[in-house]
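Trainee: below is the sequence, then the predicted model.
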Amino acid sequence: MSNHLLIDSVFNRDHGICAHCNKRAKNCKRKRRDWHVDHIVPRIIRVDNEMSNLQTLCPSCHRKKTVKDFMVYEKEYKLARRSAKT
């Protein structure tokens, strides 16, 4: 499935509602094309585009989740490196 079809499928499945804040795309100043399809389990951990691992997020929630995901991954990566050294 192409990326555009996948994005449309996820957006339609989620009825254009952000999975985190429940904001509706049609009630938002930003247009649908500006909304994001997010990997629930980040791609750095699980590289796949399964529908069950994708969700619709508004741009604000996507930015926040991306930062949080990175911080969690970085912390776990550092812990794993420390464990490997001992």
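Mentor: Yep, that arrived. Here the structure is a predicted model, which means the values were calculated and not measured.
Trainee: in space, not sequence, find me the middle residue of this protein.
Mentor: By C-alpha atoms, centre = their mean, the chain has its centre lying nearest to residue 38, at 2.1 Å.
Trainee: residue 49 looks like it's in a strand, true?
Mentor: No - with DSSP: H, G, I helix; E, B strand; the rest coil as the criterion, residue 49 is assigned coil and is not in a strand.
Trainee: for the remainder of this discussion, apply numbering that starts at 39.
Mentor: Sure, I'll start counting at 39 from here, so that last one is residue 87.
Trainee: wait, it touches residue 47, no?
Mentor: No - Residue 87 is beyond contact range of residue 47, at 10.4 Å (criterion: C-beta atoms under 8 Å). Quick note: C-beta positions are derived from backbone N, CA and C, even for glycine.
Trainee: ok, back up a step: list phi and psi for the residue lying closest to the residue nearest to the centre of the chain once chain neighbours are set aside.
Mentor: Spatially, and ignoring its direct neighbours in sequence, residue 76 is nearest to residue 95 (4.6 Å; C-beta to C-beta, 6 or more residues apart in numbering). The phi/psi pair for residue 95 (degrees, to the nearest 10) reads phi -130, psi 140.
Trainee: residue 116 versus residue 95, what's the distance?
Mentor: For residue 95, the distance to residue 116 equals 27 Å [C-beta to C-beta, to the nearest Å].
Trainee: report the rounded mean pLDDT for the helix ranked longest in the chain.
Mentor: Assignment by DSSP state H gives helix 97-123 as the longest helix of the chain. Averaged over helix 97-123, pLDDT sits at 82.
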